[in-house]
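Peer 1: Here you go, sequence then predicted model.
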Amino acid sequence: MRKKVVVGMSGGVDSSVAAWLLKEQGYDVIGVTMQIWQDENPIDAGQEGGCCGLSAVDDARRVAASLGIPYYVMNFKKEFKRDVMDYFVDEYLQGRTPNPCIACNRYVKWEALLQRSLSIGADYIATGHYARVVKLPNGRYTIQKSATDEKDQTYALYNLTQEQLAHTLMPVGDYHKDEIRKIAQQIDLRVAAKRDSQEICFIPDKDYARFIQEEAKDAVPPPGNFVTKDGEILGRHRGITHYTVGQRKGLNLALGHPVFVTEIRPETNEVVIGENEDVFALGLVCRQINFMAIPDLQGQMRADAKIRYAHKGAPCMLKRTGEDEITVIFDEPQRAITPGQAVVFYDGPSIIGGGTITSSFK
């Protein structure tokens, strides 16, 4: 009996080719687009980017029809609002910089979609991510880097559980992007040349502060002081939700030379300003740990760690310093270690695990 797989289809070229590859491999493939946009106005919803817009449904439905597979739209609006949008706003209100794609992967694209897929008899879910699911000799599942470094998406997937990974297929991870586009052209998919989505799908204009103001209203922190690390007042800021660690542009401080945000202090409503060297830190503390390649960390181990999506990764020492706490000490100081972002640990191509950055230290 053929294994059944539900493919999350965003209407883009990667998930479309993923569905075709799995069908070619003999799976019983079902295409699904997750309805996560909040606005019921079809004009507004259609303008939203990435996998959120109604245009994604139109493209995915056409692809599914051309592949000859069943296609459905599943409603995950409640889960997306609770686990992604509300989380995003709350993190900024607390002076942290969240990663909504990581939350969406963990709680919507996997937890919610997987459970619903299993309930209709599917064996697996699949996506068009550039990553690979691998079962290691120790019996644990991990995610390994894709065939192409420039498109690698493992960082945003570190928080998936063993149960989720056991039911996940990622067929695109063995290919380069140009190979995927070439396959799409060869099988005559109309999305072959569709551009990749870059922005956060629920904030297509990239104006995070406006979105937070609209969502949180009176809870948004008011303007406050720009200060040095010693407390000297340098000027006034527009509100902490406008800033992130490492930021240089948009500060509107006339100090005669470039300065940077080095810390956000929500308890005093202050944004700390410093020099370029002040943005570097030797280590960090993270919590909300999720392990993949190993069941746990006792003591310490060497690894490479990425502190944001575009970070190349850097060698470090991982140390268990609490029940849900790991301290990461880098061999060399790293720039703009940002509370709220993920830190992901690698052993070669494999994810060891990761967590949410709570603080950094010199």
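Peer 2: Now that the structure is in, tell me what you want to look at.
Peer 1: from here on, contacts and neighbour counts on C-alpha atoms
Peer 2: Fine.
Peer 1: show me where the stretch 151-300 of the chain has helices.
Peer 2: All helices of the stretch 151-300 of the chain, identified by DSSP state H, counting those that start in this stretch, fall at 162-166, 177-186, 208-216.
Peer 1: and the longest one, what does it pack onto?
Peer 2: Which is helix 177-186. Packing partners of helix 177-186 (3 or more CA pairs under 8 Å, 6 or more residues apart in numbering; DSSP states H and E): helix 13-24.
Peer 1: Tell me the helix or strand right after the helix it packs on.
Peer 2: strand 28-35 (DSSP states H and E).
Peer 1: Specify the angle between that following strand and helix 13-24 in degrees.
Peer 2: Angle, strand 28-35 to helix 13-24, by axes from the mean of the first three to the mean of the last three CA atoms, to 10 degrees: 160 degrees.
Peer 1: 120 is where my numbering starts, stick with that
Peer 2: With 120 as the first residue, the last one maps to strand 147-154.
Peer 1: For the stretch 170-319 of the chain, give me the ranges with low pLDDT.
Peer 2: 170-174, 312, 316-318 (pLDDT under 70).
Peer 1: ok so, going back, output the helices of the stretch 270-419 of the chain in TSV; the columns should cover distance to residue 423 and mean neighbour count.
Peer 2: Listed next are the helices of the stretch 270-419 of the chain as TSV, based on distance: least, CA to CA, whole Å; neighbours: other CA atoms under 10 Å:
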stretch	distance to residue 423	mean neighbour count
helix 281-285	21	16
helix 296-305	25	16
helix 327-335	31	16
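Peer 1: would CSV of the ones you listed with distance to residue 201 be doable?
Peer 2: Formatted as CSV, the helices of the stretch 270-419 of the chain follow (distance: least, CA to CA, whole Å):
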stretch, distance to residue 201
helix 281-285, 20
helix 296-305, 33
helix 327-335, 12
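Peer 1: Relative to residue 395, which of these is closest?
Peer 2: Counting by CA to CA, residue 395 lies closest to helix 327-335 out of the helices of the stretch 270-419 of the chain; the figure is 24.4 Å.
Peer 1: Only alpha carbons, please: show stretch 372-381 as CSV.
Peer 2: The C-alpha trace of stretch 372-381 is given here as CSV (Å, rounded to 0.1, in the frame of the first residue of the first chain):
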residue,chain,number,x,y,z
LEU,A,372,21.2,60.9,16.6
ALA,A,373,23.6,63.6,15.5
LEU,A,374,26.8,62.5,17.3
GLY,A,375,29.2,63.1,14.5
HIS,A,376,30.0,59.4,13.8
PRO,A,377,28.0,56.1,13.4
VAL,A,378,26.6,54.6,16.6
PHE,A,379,24.6,51.4,17.2
VAL,A,380,21.9,50.0,19.4
THR,A,381,23.7,47.7,21.9
